[in-house]
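1. here is a sequence together with a model predicted from it:
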Amino acid sequence: MVKLIRKLTRSWHVCLFVCLAFMFLATSSYGEKDALKVGVVAAMKSLQGKHTWYGAEIAVEEINAAGGVKVGDKSYKIELVKAASNEWASIADATSAIERVITVDKVAMVLGGYRSEAVLAMQDVAAEYKTIYFSVGAGHSQIPARLAKDYETYKYWFREGQPWTLYGAFVCLGMVDMAAHKYKELGIEKPKVAILAEKVLWADEAMKLMQKMVPEKLGLEVIGVWQPSHSANDLRAEFNAIKAAGAHITIHLVSGPVGIAAGRQWGGLKIPTALIGYNGEAQKKEYWKTTDGNCEYEALVDYITPLAINERNVKFWKKFTERYDTYPMNCALSYNCVWIWKEAVERADSLDPEKVIPEIEKTSFKGVGGTWRYQPPGAKLPHDIVWAPDAYTEFGTQWRAGKKAVIWPDGEPLLGDPRWKNVRFEGTVDYEIPPWAAAYWKEKK
Amino acid sequence: MLVAILVNGLLYGGTYALLAVGFSLVFGVAKIVNMSHTGFYMVGAYLVFIASSMMGLPLLLSGLLAVIISALLGLISYKLCFDRIKEQGTAVMIVSVGLALLFQELLLLLFGGSYKGISHFVPGFVTMSGYQISYQSLLAIGVSAISLTAVWLLLSKTMLGIAIRAVAEDREAASLMGFNVSRIGMIIMGISVVLAAVASSVAAPVFTINPLMWLHPLVIVLAAVILGGLGSIKGSVAGALILGFTESMVTLLVPKGGYLGGAVSLSIMIVILMIRPEGLFGVVFEEERL
């Protein structure tokens, strides 16, 4: 018996040894040698998460194919590490995910985070671990405002795109202005505006801004605000109420799933109002099919278009649409983040964030969507993208016959700002008011 | 405004009622708290999507296939998951939650988290008092009403209905009288899943579908069933209509509070339960439930 126990014990030792040896070999061969890890923390099952990953994936392929990241005498390949943030359901999950990639996977840089509430929390984690972090979409102004207050703590954060509430709002107002001019041609001098904003942090801020800016900048009246849940799947009641209120134009501010219902039901019921604003879901190619083509004439603030802004933009659009069979949405600007970080690391010749950050701040990168520059320390909103005609502009697009047509920049001064005069890319078309809205209001007059 | 409240209330209420009646039947007859009930609603919607959008089948046929396949899935689930442990109430409840999560994860795996849309069975809309109502909404209301009437007729006018009510009343006595309690439990599971699939087939084209779409209706269905009185069919219908109309009224009367629709509905349930703890049609002691 004793012999048997000894034998078993011995064999357990052997088993344990074999297991440990296997685990060691497995883990040591898992990561590529001399690879720099970049964490992608996003809601991977969501559209936003997928596009964050796709954009980063294309950038990493290009960088690795070109020899990787050169630091000193060594060249490193980039390896992406995926972590699910689950940020739509749980902010705590998002912070755990970013903490895990930083502490366990030892990433050199993190990108991701779409929901403002989650990014605010993730920004704290990145600051605590002094890790460079690019957020990809979250539009609340409080995020960069933290750097203005306490630059040293939060300097690790950069934004991949522009905060809607600061710049997207202007693009949106530009499109509302276009619609207002079309209504004037119909004899309606002062079209009325309604706001449909999902109940989340960024949209709350955007809604208040629109309530203030629409009368101030355009001289139009905002006749009401409707606030569905961000996950609502039915907006028939809201749209009918908007119609009853007599809104010629509806500014919709929706980033979540409610965006699908917006296009489907507005067009499906032929609600006589021009639908203009931000709709995360409407950026993707499948939106046309999902809405049964009812999104025709919906206009939205957009981020990536096939226009020939620069060579990289054209190549990226082609590669992205061919590979993933969809249009890239704003989160796919993660592509730019990886390139910007790579170039900054090479300029700094170091992986030390303290040396890389000043180099990112000096960035002037001809990337997807335009030329990327960051607002410097000491600016009102440090590390936010510079929004200007010669930098990154954002775009206004309108769904037309199954495709998104670019309608802004339209070459006209934006709300009286002469810098935008003549800024119009080849392929841009004029905004069109939905024909059923035009017919309805013509008859009403 | 009145038309809007009426149409929306009937659409929400009708959908919830179909789900609540199915839930109530399974609870009343098989004594199963089936938390996966709205999971079958979700599966039904996805089956319509697969058949119509992916396979290109006609919408009506897609709807019929969805109902049949969902019913089969319901019967298999009952046989595999619930039948053997149906006497263990808590275990059944946990298993049913697991089943719903399994559906959710499988759909996430197959279709991702993005939202899908199903074409309307009947395209177009009609304008009534300035309110634009899609034909699909009217179809959903009509089908809900017909289905609920059919259930009522089945329970009150047929032999099967008598058997179902007998089992619901007293399982042991029904068994001693020669009723096959297990088979009736299975039949009722099938009916309940058919109701859920019918609800999803007609309502899903109005809304959008996604792998989390079972959660909100589950909360509302539980609330409707409790509000109406556990096990009471007419109570479930009344509870569902109250909650449906409340959601509709909040959205229409409080534009800036549309997102509060669900919360207000549940608050009303709490208030009613404080006044009448057994629910609207509930009974303190076991008695006729229909």
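-> Right, received. Where do you want to start?
2. for the chain, which spans come out with low pLDDT?
-> No chain specified, so I'll use chain A. A:1-33, A:162-164 (pLDDT under 70).
3. please go with chain B instead
-> Counting by pLDDT under 70, chain B contains low-confidence residues at B:283-290.
4. contact distance from chain A - what residues of it qualify?
-> By the criterion of Cβ under 8 Å from any Cβ of the partner chain, the positions of chain B lying close to chain A are B:1, B:4, B:8, B:53, B:108, B:112-117, B:119-120, B:125, B:130-132, B:134, B:137, B:206-208, B:210, B:212-213, B:216, B:248, B:251-252, B:255-259, B:261-262. All C-beta atoms are positioned from the backbone trio N, CA, C, and that covers glycine.
5. just the buried subset of those, please.
-> Those of the residues of chain B next to chain A that meet the buried threshold are B:4, B:8, B:53, B:112-117, B:119-120, B:125, B:131-132, B:134, B:137, B:206-208, B:210, B:212-213, B:248, B:251-252, B:255, B:257-259, B:261-262, by 16 or more other Cβ atoms under 10 Å in any protein chain shown.
6. looks to me like residue A:105 is in a helix.
-> No - if the criterion is DSSP: H, G, I helix; E, B strand; the rest coil, then residue A:105 is coil and not within a helix.
7. that one reaches residue A:81, doesn't it?
-> Yes - between residue A:105 and residue A:81 there is a contact at 4.7 Å, judged by Cβ atoms under 8 Å.
8. got any residues that touch both of those two?
-> A:37, A:39 (Cβ atoms under 8 Å, 6 or more residues apart in numbering or on different chains).
9. of the residues of chain B next to chain A, which belong to strands?
-> Of the positions in these, B:125, B:131-132, B:134 sit in strands, assigned by DSSP state E.
10. could you pick out which of the buried ones among the residues of chain B next to chain A are located in helices?
-> B:4, B:8, B:137, B:248, B:251-252, B:261-262 (DSSP state H).
11. now flag whichever of those is closest to residue B:227.
-> Nearest to residue B:227, judged by Cβ to Cβ, of these is residue B:262 at 13.7 Å.
12. got a list of what that closest one touches?
-> Counting by Cβ under 8 Å, 6+ apart, residue B:262 makes contact with A:229, B:216, B:219-220, B:247.
13. next: residue A:370.
-> Taking Cβ under 8 Å, 6+ apart, we find residue A:370 in contact with A:309-310, A:313, A:391-393.
14. farthest pair in those?
-> The largest distance within these, taken as Cβ to Cβ, falls between A:313 and A:391 and amounts to 13.6 Å.
15. compare those two (neighbour count), which wins?
-> residue A:313 (19 against 16; other Cβ atoms under 10 Å in any protein chain shown).
16. I'd guessed the more buried one sits against residue A:371; true?
-> No - proximity of residue A:313 to residue A:371 does not meet the contact threshold set by Cβ under 8 Å, at 10.3 Å.
17. how far does stretch A:126-138 sit from its chain's centre?
-> Relative to the mean C-alpha coordinate of its chain, stretch A:126-138 is positioned 15 Å out (Cα atoms, centre = their mean, to the nearest Å).
18. alpha carbons only: can I get that stretch in CSV?
-> What follows is the C-alpha trace of stretch A:126-138 in CSV, where atoms were taken according to Å, rounded to 0.1, in the frame of the first residue of the first chain:
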residue,chain,number,x,y,z
ALA,A,126,-4.5,54.7,-17.6
ALA,A,127,-3.3,57.7,-15.5
GLU,A,128,-2.7,55.5,-12.5
TYR,A,129,-0.5,53.1,-14.4
LYS,A,130,1.0,55.9,-16.5
THR,A,131,0.1,54.1,-19.8
ILE,A,132,-0.7,55.9,-23.1
TYR,A,133,-4.4,55.6,-23.8
PHE,A,134,-6.3,56.6,-27.0
SER,A,135,-10.1,56.6,-26.5
VAL,A,136,-12.1,56.0,-29.7
GLY,A,137,-15.3,57.9,-29.9
ALA,A,138,-16.4,59.1,-26.4
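19. buried ones in that stretch?
-> If you call a residue buried by 16+ other Cβ under 10 Å, then stretch A:126-138 has these buried ones: A:126-127, A:129, A:131-138.
20. nearest to chain B among those residues?
-> Each of the buried residues of stretch A:126-138 was scored against chain B by Cβ to the nearest Cβ, and residue A:137 proved nearest at 15.9 Å.
21. residues from the stretch 201-350 of chain A in reach of chain B?
-> Within the stretch 201-350 of chain A, the residues that sit near chain B (Cβ under 8 Å from any Cβ) are A:224-234, A:236-241, A:243-244, A:257, A:260-261, A:264, A:268-271, A:281, A:286, A:289-292.
22. on that earlier part again, which two among the buried residues of stretch A:126-138 are spaced furthest apart?
-> Farthest apart among the buried residues of stretch A:126-138 - using Cβ to Cβ - are A:129 and A:137, which lie 21.8 Å from each other.
23. show me the two of the ones in strands among the residues of chain B next to chain A that sit farthest apart.
-> Comparing the members of these, the greatest separation, given Cβ to Cβ, is between B:131 and B:134, at 11.0 Å.
24. ranges for the strands of the stretch 151-300 of chain A?
-> Ranges of strands in the stretch 151-300 of chain A, per DSSP state E, counting those that start in this stretch, are A:157-159, A:193-197, A:222-226, A:249-254, A:274-279, A:299-302.
25. which other helices and strands contact the third one?
-> Based on contacts counted as 3 or more Cβ pairs under 8 Å, 6 or more residues apart in numbering or on different chains; DSSP states H and E, the elements that strand A:222-226 packs against are strand A:193-197, helix A:201-213, helix A:236-245.
26. and the gap between the residue in chain B sticking out farthest from the centre and residue B:184?
-> In chain B, residue B:176 marks the outermost C-alpha relative to the chain mean, sitting 31.5 Å out by Cα atoms, centre = their mean. When Cβ to Cβ, to the nearest Å is the yardstick, residue B:176 and residue B:184 sit 14 Å from each other.
27. for the closest residue to chain B within the stretch 301-445 of chain A, give me phi and psi.
-> Using Cβ to the nearest Cβ, the single residue of the stretch 301-445 of chain A nearest to chain B is residue A:326, 9.7 Å away. According to degrees, to the nearest 10, the main-chain angles of residue A:326 amount to phi -150, psi 170.
28. how many neighbours does the residue lying closest to it once chain neighbours are set aside have?
-> Leaving aside its chain neighbours, residue A:326 sits nearest to residue A:285 (4.4 Å; criterion: Cβ to Cβ, 6 or more residues apart in numbering or on different chains). Using other Cβ under 10 Å, residue A:285 is surrounded by 17 other residues.
29. so residue A:285 touches residue A:324, yeah?
-> No - using Cβ under 8 Å as the test, residue A:285 is too far from residue A:324 to be in contact (9.1 Å).
30. helix/strand/coil for residue A:389?
-> Once three-state DSSP is applied, residue A:389 turns out coil.
31. check which helix or strand covers residue A:439.
-> helix A:435-444 (DSSP states H and E).
32. that helix near chain B anywhere?
-> No - interface with chain B: helix A:435-444 contributes nothing (Cβ under 8 Å from any Cβ), its closest point being 10.7 Å away.
33. so residue A:442 makes contact with residue A:186?
-> Yes - under the criterion of Cβ under 8 Å, residue A:442 makes contact with residue A:186 at 5.7 Å.
34. so which of these two has more stuff around it?
-> Neighbours were tallied for residue A:442 and for residue A:186 using other Cβ under 10 Å; the higher tally belongs to residue A:186 (16 against 11).
35. ok, now which ones touch that one?
-> The neighbourhood of residue A:186, defined by Cβ under 8 Å, 6+ apart, consists of A:433, A:438, A:441-442, A:445.
36. and for residue B:247?
-> Residues in contact with residue B:247, defined by Cβ under 8 Å, 6+ apart, are B:8-9, B:12, B:261-262, B:264-265.
37. out of everything not next to it in sequence, what's closest to it?
-> Counting by Cβ to Cβ, 6+ apart, residue B:247 lies nearest to residue B:261, which is 4.0 Å off, once chain neighbours are set aside.
38. wait, the one you found sits on residue B:245?
-> No - counting by Cβ under 8 Å, residue B:261 stays clear of residue B:245, with 10.8 Å between them.
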